[in-house]
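**Student:** I'll drop the sequence and a predicted model, then ask my questions.
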Amino acid sequence: MIELSHVSHSFRTPAGGTVRAVDDVSLQIAQGEIFGIIGRSGAGKSTLVRTLNLLTRPEQGQIRVDGRNLFDLDEDALLRARRQIGMIFQHFNLLASRTVYGNVALPLELVGLSPKVIASEVNNLLALVGLADEAERYPHQLSGGQKQRVGIARALANNPKVLLSDEATSALDPETTRAILDLLKRINRELGLTIVLITHEMQVVKQICDRVAVMDAGRIIETGRVLDVFRSPQTDLTRTLIGDVIAHELPPTVLDRVRRRIASRTDGAAPERLLRLSFAGDDVDRPLLSDAVKRFGVDFNILHGQIDEIQGQAFASLTLLARASEEAIRGTLDLLRGHDVRIEELNHVL
Ligand SMILES: Nc1ncnc2c1ncn2[C@@H]1O[C@H](COP(=O)(O)OP(=O)(O)OP(=O)(O)O)[C@@H](O)[C@H]1O
Ligand SMILES: [Mg+2]
């Protein structure tokens, strides 16, 4: 649905230098996908997403949306292509002087539809986003979540194929964020809309994205299915971002306790191994650890962990101390690996 190849764009800085906001980005986003782009402030996310409808014309690269190369289009054709791409924003960008109805009607008025058609479309859209009873209110009379619902209804007015969301939930509290993300997910499913969602929060990615790209200093440094990225992040930045959602690092107090316990160990005791295991899908439900206890006589002490759901799949991360003979440990690790459990040995942090 969306294909970027080697897109780059720079800005002049007030000091007279240049900043490469987007640096050689290539991406493919499939029809019907919810694709997240995550990165820190200044990473180039907004600049990148604005190239997708040529609100920013990149200096280099190609952009295809729905089979068309945007650079090949004349002004009229580009205008039509842009109508296929709706956009929502962090600060909603509603017109204060228009009612909810008037804001959603605006894009339909601009394409010259009759008032009757507009009324029926707007009423459908307001029902879709749960604002059927708020049509005559003004933006200042709405909560942040309601304003974003108006923004979503307006973005959907021209029946777009793609929705771009630039930090659409960043100004909202966690509960409202969840409700707005649920709405986006429902729209994605019911209308088959492709959504490109920019955020700096991994929690948002975790909740609704199918795939994610991690952006840093203008470049995409990692891309993958969300579950895979959570299971095996490839870069330090990704690990840090995931750390906000999944407790990855052992708390210092726990680490201290483990160190003391190992230091006080009497000679001849079996060696202790600090392991982090990550399970996904059906393996979360299998009694693998108790199997290992029974078969190999391993002694486990669970130190830290979390079980969660990502993209409808269970996901668990457990840090534990295993005590057993080398042979029993080897058998245990083989058993776990045989069930696609990822294992990291963490003895180096002790
Ligand atoms: N219109 C502009 N003129 C000059 N520099 C710009 C302009 N827009 C963006 N930049 C610079 O380009 C870089 C990328 O900015 P961008 O807004 O794309 O980042 P972002 O990832 O969206 O950040 P945030 O999370 O804060 O929204 C930054 O260094 C920014 O200062
Ligand atoms: Mg931005």
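**Tutor:** Cool, the structure landed. Ligands and ions are numbered 1, 2, ... in the order given.
**Student:** drop to CA atoms for contacts and neighbour counts, all remaining ones
**Tutor:** Fine.
**Student:** how about the strands in the stretch 51-200 of the chain?
**Tutor:** Per DSSP state E, counting those that start in this stretch, the stretch 51-200 of the chain carries strands over the ranges 60-65, 68-69, 85-89, 162-166, 194-199.
**Student:** ok, and what's touching the shortest one?
**Tutor:** Around strand 68-69, the neighbours that count as contacts under Cα atoms under 8 Å, 6 or more residues apart in numbering are 62-63.
**Student:** using CSV, write out every CA atom in the lowest-mean-pLDDT helix or strand in the chain.
**Tutor:** Ranking every helix and strand in the chain by mean pLDDT, DSSP states H and E puts helix 252-263 at the bottom, with a mean of 83. The C-alpha trace of helix 252-263 is given here as CSV (Å, rounded to 0.1, in the frame of the first residue of the first chain):
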residue,chain,number,x,y,z
PRO,A,252,19.0,-3.4,41.9
THR,A,253,17.6,-4.7,45.2
VAL,A,254,17.0,-8.1,43.6
LEU,A,255,20.4,-8.1,42.1
ASP,A,256,22.0,-7.3,45.4
ARG,A,257,20.2,-10.2,47.1
VAL,A,258,21.3,-12.6,44.4
ARG,A,259,24.9,-11.4,44.8
ARG,A,260,24.8,-11.9,48.5
ARG,A,261,23.3,-15.3,48.2
ILE,A,262,25.9,-16.5,45.7
ALA,A,263,28.7,-15.0,47.9
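**Student:** what separates it from the chain centre, distance-wise?
**Tutor:** 35 Å (Cα atoms, centre = their mean, to the nearest Å).
**Student:** that helix packs against which elements?
**Tutor:** Helices and strands touching helix 252-263, by 3 or more Cα pairs under 8 Å, 6 or more residues apart in numbering; DSSP states H and E: there are none.
**Student:** what's in contact with it?
**Tutor:** Residues contacting helix 252-263 (Cα under 8 Å, 6+ apart): 272, 303, 350.
**Student:** deepest in the core, which of the strands of the stretch 51-200 of the chain is it.
**Tutor:** Among those, the stretch with the highest mean neighbour count (mean count of other Cα atoms under 10 Å) is strand 194-199, at a mean of 25.
**Student:** for residue 28, grab phi and psi.
**Tutor:** Note on residue 28: backbone dihedrals following degrees, to the nearest 10 are phi -130, psi 130.
**Student:** with adjacent residues omitted, what lies nearest to it?
**Tutor:** Counting by Cα to Cα, 6 or more residues apart in numbering, the nearest residue to residue 28 once its immediate chain neighbours are dropped is residue 3, at 4.5 Å.
**Student:** and residue 23, what element?
**Tutor:** strand 18-29 (DSSP states H and E).
**Student:** listing partners with orientation, what would you give for that strand?
**Tutor:** With DSSP bridges as the test, strand 18-29 is paired with strand 2-12 (antiparallel).
**Student:** relative orientation of the partner strand and strand 194-199 in degrees?
**Tutor:** 40 degrees (axes from the mean of the first three to the mean of the last three Cα atoms, to 10 degrees).
**Student:** alpha carbons of strand 2-12, as PDB, please.
**Tutor:** Taking Å, rounded to 0.1, in the frame of the first residue of the first chain, the C-alpha atoms of strand 2-12 are listed here in PDB:
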ATOM      1  CA  ILE A   2       2.900   2.400   0.900                       C
ATOM      2  CA  GLU A   3       6.400   2.000  -0.400                       C
ATOM      3  CA  LEU A   4       9.200   4.300   0.500                       C
ATOM      4  CA  SER A   5      12.600   3.900  -1.200                       C
ATOM      5  CA  HIS A   6      15.700   5.800  -0.100                       C
ATOM      6  CA  VAL A   7      13.800   8.800   1.100                       C
ATOM      7  CA  SER A   8      15.900  11.600   2.600                       C
ATOM      8  CA  HIS A   9      15.100  15.100   3.700                       C
ATOM      9  CA  SER A  10      17.200  17.900   5.300                       C
ATOM     10  CA  PHE A  11      16.300  21.200   7.000                       C
ATOM     11  CA  ARG A  12      18.500  24.300   7.400                       C
END
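**Student:** run a quick neighbour tally on the residue nearest to residue 28.
**Tutor:** 18 (other Cα atoms under 10 Å).
**Student:** surely it meets residue 61?
**Tutor:** No - using Cα atoms under 8 Å as the test, residue 3 is too far from residue 61 to be in contact (10.5 Å).
**Student:** next, residue 302: secondary structure please.
**Tutor:** Assigned with DSSP: H, G, I helix; E, B strand; the rest coil, residue 302 falls in the strand class.
**Student:** so what's the gap between the lengthiest helix in the chain and the chain middle?
**Tutor:** Taking DSSP state H as the criterion, the chain has its longest helix at helix 174-191. Relative to its parent chain, helix 174-191 has a centroid offset of 13 Å by Cα atoms, centre = their mean.
**Student:** helices or strands next to it in the packing?
**Tutor:** helix 144-156, helix 202-208.
**Student:** does the shortest one come close to ligand 1?
**Tutor:** So that's helix 202-208. No - when contact is scored as Cα under 6 Å from any ligand atom, no part of helix 202-208 falls within range of ligand 1; the minimum is 13.0 Å.
**Student:** please consider this matter closed, and thank you.
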